[in-house]
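1. model this:
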Amino acid sequence: MPWKECKPMDERLRFIARLLEGERMAPLCREFGISRVTGYKIFNRYKECGLDGLADRYRRPYRQANKLPFQIERSILGLKKDYPGWGAPKIRDKLIRQYPMLRPPAISTIHAVLDRHGLVKRRKRRRYKAQGTALSTALLPNQLRCADYKGEFKLGNRRYCYPLTITDQASRYLLACEGLASTRSDFAFAVFERAFKEFGLPQAIRTDNGTPFASPQALFGLSKLSVWWLRLGIRIERIKPGCPQQNGRHERMHLTLKREATKPPAFNFLQQQQQTFDRFIEVYNNQRPHQGLGGACPGDLFTPSPRSYEPPPEPDYPFHDRTVRVTRCGRICIGKRKINLSQVFAGQILGLREVDDQIWLVTFLDYDLGFFDDKEDRVEPATNPFTPEKV
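-> Numbers count the residues shown, from 1 in each chain. Down below sits the predicted model:
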């Protein structure tokens, strides 16, 4: 530790005064909490410079070995002024031609100089903004299913319950009403998997843009749950933010659910509340007539889907140059390069195809996600491919 940092000026004066009075160095250093090396340094400075030697000294080095000479920095700024469209690589090449006797600065150093003087135009990344998708109209069962959480309500044990509901739009059939402890995707995966095993797969699923159905920070707002649906061959439909009427039939079911199965709440959802939900499913599907169905019950019209649930096969990309598996941290690894994509694709196999010189297209199933080049280690999104065609 530098001696000037150990004790302030008045402490150094006391230290020197007691040394001059004849006290020994070692016990005095122990008392002041400094090493003997530091003690002798203070004493020697005093003998060389007097009281001025006890003042704090300016610690900035006389020279900085890696500091760019101001003449080179001025040349960089001059070239940028003469050629505004040039970047750091071109400016470096120009410096090599102008000053062949000097060691040229690195491209990153030149870029840092330009950035320090506000001469770098930062590229703004396009951020996904939820806008909804085209919505289809289901005429037959299993063409479209709707899913959502019925808000949250507090149980008797003061814990919150989040009912996850799944309905068939054409028949109004309530496939699932599961009381969950949170909206975590792990719980939602289990509910959808049970519904798929029991009732088969739909052609499309309509949800809002909230978690776990969508992820506002991920590519195209996808989530791990929606990526799984795509792997199963299920189209994604999303309503516009702030437009719950686009999922009106499902919201109408929620109104009935709130009135008949949440008031008064049970003590806990594992034993009591889920029993209430199960009774509600039975009454709603098989006993309660629906005016929108001409007085019929949903169970009279609904039939399971002929598309049975099976774990999807790994995708194949015969027209691509290579395939890669996304890492757990959401990256594409090619040799030593790590290209950022999104964690929602963790574990998925993607196709890569070179569409131009050093520009590659990234594809998931039949959807083109975006592009990356040999400079930037991230995928720039392409046009949103997850807008289903209108039926």
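
2. Every contact and neighbour count from this point should use C-alpha atoms.
-> Fine.

3. contacts for whichever strand or helix holds Leu350?
-> Mapping Leu350 onto the secondary structure by DSSP states H and E places it in strand 349-356. Residues from elsewhere that reach strand 349-356 (Cα atoms under 8 Å, 6 or more residues apart in numbering): 314-315, 317, 319-326, 360-365.

4. Same check on stretch 95-103?
-> Applying Cα under 8 Å, 6+ apart, the external contacts of stretch 95-103 come out as Ile76, Pro104.

5. distance between the ends of stretch 333-342?
-> Across stretch 333-342, the terminal residues are separated by 13 Å (Cα to Cα, to the nearest Å).

6. residues in contact with that stretch?
-> Looking at what lies outside stretch 333-342 - Cα under 8 Å, 6+ apart - the contacts are 218-219, 324, 326-327, 329-332, 376-379.

7. Helices of this protein, start to end?
-> Taking DSSP state H as the criterion, the chain contains helices spanning 3-6, 9-20, 25-32, 36-49, 70-82, 88-98, 107-116, 185-199, 224-231, 248-261, 274-286, 298-301.

8. Going by contacts, tell me the helices and strands next to the last one.
-> Counting contacts by 3 or more Cα pairs under 8 Å, 6 or more residues apart in numbering; DSSP states H and E, helix 298-301 is packed against helix 274-286.

9. Out of the contacts of stretch 333-342, which end up buried?
-> Burial of the contacts of stretch 333-342 was assessed by neighbour count (16 or more other Cα atoms under 10 Å); the buried members are Ala218, Leu219, Val324, Val326, Thr327, Gly330, Arg331, Ile332, Arg378, Val379.

10. Now render the residues you listed as CSV, adding pLDDT and distance to Thr183.
-> CSV is the format used below for the buried ones among the contacts of stretch 333-342 (pLDDT from 0 to 100; distance: Cα to Cα, whole Å):
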residue, pLDDT, distance to Thr183
Ala218, 83, 17
Leu219, 84, 20
Val324, 94, 31
Val326, 94, 25
Thr327, 93, 25
Gly330, 91, 22
Arg331, 93, 26
Ile332, 93, 29
Arg378, 86, 30
Val379, 86, 29
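
11. Need the max-distance pair from the residues you listed.
-> Across the buried ones among the contacts of stretch 333-342, the longest distance by Cα to Cα is 19.3 Å; it joins Ala218 and Val324.

12. out of the contacts of strand 349-356, which are buried?
-> In the contacts of strand 349-356, the ones that pass as buried (16+ other Cα under 10 Å) are Tyr317, His320, Thr323, Val324, Arg325, Val326, Trp360, Leu361, Val362, Thr363, Phe364, Leu365.

13. now do the same end-to-end measure for stretch 28-42.
-> The first residue of stretch 28-42 is 13 Å away from its last residue (Cα to Cα).

14. What average pLDDT does stretch 260-275 get?
-> Within the predicted structure, the mean pLDDT of stretch 260-275 is 69.

15. gap between Val344 and Lys240?
-> Val344 is 22 Å from Lys240, where distance means Cα to Cα.

16. Spatially central, which residue of this structure would that be?
-> Among the residues of the chain, Gln217 comes closest to the average C-alpha position under Cα atoms, centre = their mean, at 4.9 Å.

17. hmm, back to that, reformat the helices of the chain as JSON lines; add distance to Arg159 and mean neighbour count.
-> What follows is the helices of the chain, written out as JSON lines (distance: least, Cα to Cα, whole Å; neighbours: other Cα atoms under 10 Å):
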{"stretch": "helix 3-6", "distance to Arg159": "55", "mean neighbour count": "15"}
{"stretch": "helix 9-20", "distance to Arg159": "60", "mean neighbour count": "15"}
{"stretch": "helix 25-32", "distance to Arg159": "58", "mean neighbour count": "14"}
{"stretch": "helix 36-49", "distance to Arg159": "62", "mean neighbour count": "15"}
{"stretch": "helix 70-82", "distance to Arg159": "62", "mean neighbour count": "14"}
{"stretch": "helix 88-98", "distance to Arg159": "58", "mean neighbour count": "15"}
{"stretch": "helix 107-116", "distance to Arg159": "52", "mean neighbour count": "16"}
{"stretch": "helix 185-199", "distance to Arg159": "17", "mean neighbour count": "16"}
{"stretch": "helix 224-231", "distance to Arg159": "25", "mean neighbour count": "19"}
{"stretch": "helix 248-261", "distance to Arg159": "17", "mean neighbour count": "16"}
{"stretch": "helix 274-286", "distance to Arg159": "14", "mean neighbour count": "17"}
{"stretch": "helix 298-301", "distance to Arg159": "32", "mean neighbour count": "17"}
